[in-house]
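**Student:** Need coordinates for the below:
(4 chains)
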Number of protein chains: 2
Amino acid sequence: MEFKHQPTVTLAEVAEAAGVGESTVSRVLRNHGSFSGKTRERVMAAVERLGYVPNRIAGTLASTGSRLVAFVIPSLSNIVFPDVLRGASAVLEENRYQAVFSVTDYDPGKEEALAAAMLAWRPAAVMLAGCEHTEGTVKMLRASGCRVVELLDLDGDALDIAVGFSNRAAGRESAAFLLKRGYRRIGYVGHDLNRDTRAGKRFSSFCETLAAHDAPLVAREILAGASSVENGRLGLERLLARTTDLDAVYFSNDDMALGGYFHCLAEGIVIPSKLAIFGYNGLDIGRATPQPLSTIRTPRVATGQIAAQLVVTNAPPQAVDLGFELIEGATA
Amino acid sequence: MEFKHQPTVTLAEVAEAAGVGESTVSRVLRNHGSFSGKTRERVMAAVERLGYVPNRIAGTLASTGSRLVAFVIPSLSNIVFPDVLRGASAVLEENRYQAVFSVTDYDPGKEEALAAAMLAWRPAAVMLAGCEHTEGTVKMLRASGCRVVELLDLDGDALDIAVGFSNRAAGRESAAFLLKRGYRRIGYVGHDLNRDTRAGKRFSSFCETLAAHDAPLVAREILAGASSVENGRLGLERLLARTTDLDAVYFSNDDMALGGYFHCLAEGIVIPSKLAIFGYNGLDIGRATPQPLSTIRTPRVATGQIAAQLVVTNAPPQAVDLGFELIEGATA
DNA sequence: CAGCAAATTGGTAGCGCTGCCAAAAAAACC
DNA sequence: GGTTTTTTTGGCAGCGCTACCAATTTGCTG
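**Tutor:** Numbers count the residues shown, from 1 in each chain, chains lettered A, B, ... in the order given. Predicted structure coming up:
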């Protein structure tokens, strides 16, 4: 049972009511082309009087270029993506673009299906997380001719536009920081890495850096579910149960790290002298804990903003590295 | 400079390639009406071969009933809204609906403008937060003839469908709980209530309940900005600097409450014996803190799910009360 | 006031698809 | 075999708007 709209007022009716031609109404409404002030007033009056709401579906169809921007994101639970959407939507709204989204649950197959569904709306751009996509997705996006923006990961080849930073660099710098601080027996607590490839990249370059400095990763605890505070707490508990002499733990992100932090608080494990904790993302909450969380702050909102900016200005293909900031904090 | 799509393959071309009529292709693709198995194969082969992606813009225009659902939400920073979107988008995707959104920043004027922009897409439904809207918004929504769903607040008259719970009841129960626990000198720390009317409702019924039990609110601290952990911490600090003999503090939500919790941890204020803390929302993080946060858990994801369900089934106007759950926790 | 450029305006052909209807083909029946 | 049904099909008129072009009006200049 499909919903039917009640009869709506159309541009033609406005034209009739205002005593002008359809194209004139269209021009006035879009403020495009020329028309006299008097005409403008009459049209606006008719619009007001009839309560006319332009039909963007029809407008888009007639003009081929759309003002929709499609987001295909892995999750809405991971704060990263709402943050990106937030940055982007502000810029898009200013420019009268409309955001459309769907959620893949970190499933590349679902990403492909959803990207296809999105393309059916003929968006001006499709924004995706990361630069790993199925062959089918890539082929489809290429063929679509619409702009493609890959977000939050610069470690790979961009299809068109990429905005973000290097996750590998983030992993590397995290490791370098811990080593510089003198930690040598380092562990890792993370969530499902097969799905979140960006976390996987951070982890692998983190490990490589440790190994390169003769302090290879001592132990790891990978939890099956999504990243969460509770999983972080549980993960650290398990890790410490197995391995007693760790001096630092790297977490797949701040949610997990906070869980670890809480575990230490609850168990009376002194931070950072007994155990250091390092996260990833730079959530606001990490600044308000009794000891500020040591982490890497990522430019999530800015990523959305810049991405949207590039789309609305129809910028040429490019990769924009927004970098990240290492926050020393007090937990490592 | 508007982006132009490269020439796309159309349904007519598929029809030609498959050697059938346009309407046949349309029927096969939508699996609607009748056609032979052989025809189906030929059409699908042509679709595959040409890489045809149906144009939903055109389809929607031709069929009047759209599969877009528009969300007009106050914020993406407040986890509540991503949670609602998450619940809704899962259901919508299953039913081949498409979610569109925009963000009002808690500004009713902006809500009106954005709702108007949304209506231009002729959505099947518009979902809004709360039941307070400008006169213009209400009038416009009424006139649009599309379904209207008001989320997360049942304290008011619904335009069409409403899904959520009573914020007044939440405030009342929070107060009753604290009173039952024996707290009498109670304070409040909140964020900007003029904008977040739902938090305002909780607060006012909280105060009324206290007053009705001869334990009127002792002090309050309202912070100008948005709700955040840092503001919560700052707010409690300020409140305690002014008022020394409080035994419990009610926060406008869990973010703020966690900030207060951290302040106590940092200052060595023993919880709950020296000071009790009570929040609102039931964020996951509140379950993983050393002492689980006392709060009210709201059905955010379920709100989105049910709302979407009602829209896709084109349910009659109704108000669905999903209730909430008081979590005793260990901070009050 | 003619003569020409500039500013306004209206008409109309699509945009790509769906919905309706009638035509054609296939199946069922007497 | 001839009908009557039933199933499949194709044709085509819009959906509401924009883009293009031609027609009209206005404003200036000499």
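**Student:** use CA for all of it now, contacts and neighbours both
**Tutor:** Fine.
**Student:** Who does the residue in the stretch 51-200 of chain A positioned nearest to chain B form a beta bridge with?
**Tutor:** Residue of the stretch 51-200 of chain A nearest chain B, by Cα to the nearest Cα: A:Val100 (4.3 Å). Partner residues in beta bridges with A:Val100, using DSSP bridges, are A:Ala70, B:Val100.
**Student:** quick one: pLDDT of it?
**Tutor:** Looking at A:Val100, its pLDDT is 96.
**Student:** for the one 4 residues further on, same thing?
**Tutor:** Per-residue confidence for A:Thr104 comes out at a pLDDT of 96.
**Student:** now do A:His213
**Tutor:** 97.
**Student:** mind checking how far it is from A:Tyr183?
**Tutor:** Separation of A:His213 from A:Tyr183 (Cα to Cα, to the nearest Å) stands at 11 Å.
**Student:** circling back to that earlier point, show me what contacts the residue of the stretch 51-200 of chain A closest to chain B?
**Tutor:** By Cα atoms under 8 Å, 6 or more residues apart in numbering or on different chains, A:Val100 lies in contact with A:68-71, B:98-101.
**Student:** So which of A:His213 and A:Tyr183 has more stuff around it?
**Tutor:** Between A:His213 and A:Tyr183, counted using other Cα atoms under 10 Å in any protein chain shown, the more crowded position is A:Tyr183 (19 against 13).
**Student:** In contact with that one: list those residues for me.
**Tutor:** For A:Tyr183, the contact set (Cα under 8 Å, 6+ apart) comprises A:247-248.
**Student:** Same question for A:Glu93.
**Tutor:** Contacts of A:Glu93 (Cα under 8 Å, 6+ apart): B:Ser102.
**Student:** Pull out the buried residues from the strand or helix carrying it.
**Tutor:** Assessed by DSSP states H and E, A:Glu93 sits inside helix A:80-94. Judged by neighbour count using 16 or more other Cα atoms under 10 Å in any protein chain shown, the buried positions of helix A:80-94 are A:80-93.
**Student:** burial measure for A:Ser144, as a count.
**Tutor:** Count around A:Ser144 with other Cα under 10 Å applied: 24.
**Student:** any idea of the pLDDT on it?
**Tutor:** So, for A:Ser144, pLDDT stands at 91.
**Student:** again, but for A:Leu193
**Tutor:** 77.
**Student:** At which residues are the helices of chain A located?
**Tutor:** Assigned helices in chain A, in chain order: A:11-18, A:22-30, A:37-50, A:56-63, A:80-94, A:108-119, A:135-144, A:167-180, A:197-212, A:229-242, A:254-267, A:285-288, A:300-312 (criterion: DSSP state H).
**Student:** helices or strands up against the first one?
**Tutor:** Using 3 or more Cα pairs under 8 Å, 6 or more residues apart in numbering or on different chains; DSSP states H and E as the contact definition, the elements that helix A:11-18 packs against are helix A:22-30, helix A:37-50.
**Student:** just to revisit the earlier point, any idea which of the contacts of A:Val100 is the one closest to DNA strand D?
**Tutor:** Distance to DNA strand D across these (Cα to the nearest atom of the strand) is lowest for A:Leu68, with 14.4 Å.
**Student:** Would you agree the closest one is in contact with A:Tyr97?
**Tutor:** Yes. Applying Cα atoms under 8 Å as the test, A:Leu68 and A:Tyr97 come out as touching, 5.7 Å apart.
**Student:** picking that back up, and among the helices of chain A, the most buried is which?
**Tutor:** Highest mean neighbour count of these: helix A:254-267, a mean of 25 (counted as mean count of other Cα atoms under 10 Å in any protein chain shown).
**Student:** hmm, that helix touching chain B?
**Tutor:** Yes. Helix A:254-267 comes into contact with chain B (Cα under 8 Å from any Cα of the partner chain), by way of A:259, A:262-263, A:265-266.
**Student:** Without its sequence neighbours, what residue ends up closest to A:Glu237?
**Tutor:** A:His263 (7.0 Å; Cα to Cα, 6 or more residues apart in numbering or on different chains).
**Student:** Would you mind listing what in chain A touches DNA strand C?
**Tutor:** Applying Cα under 7 Å from any atom of the strand, one finds that chain A approaches DNA strand C through A:19-24, A:33-36, A:38-40, A:58, A:61-64.
**Student:** Those residues: which ones sit near DNA strand D?
**Tutor:** A:22-23, A:58, A:61-63.
**Student:** count of residues packed around A:Asn194?
**Tutor:** Neighbours of A:Asn194 (other Cα under 10 Å): 12.
**Student:** So it sits against A:Lys201, correct?
**Tutor:** No. Judged on Cα under 8 Å, A:Asn194 makes no contact with A:Lys201 at a distance of 10.4 Å.
**Student:** and stretch A:66-78, does that touch DNA strand D?
**Tutor:** No. Interface with DNA strand D: stretch A:66-78 contributes nothing (Cα under 7 Å from any atom of the strand), its closest point being 9.8 Å away.
**Student:** And that stretch, what's buried?
**Tutor:** Buried residues in stretch A:66-78, counted by 16+ other Cα under 10 Å: A:66-77.
**Student:** And the pLDDT at the closest residue to A:Arg40 other than its chain neighbours?
**Tutor:** Among residues not flanking A:Arg40 along the chain, A:Val28 sits closest, at 6.0 Å (Cα to Cα, 6+ apart). pLDDT, A:Val28: 96.
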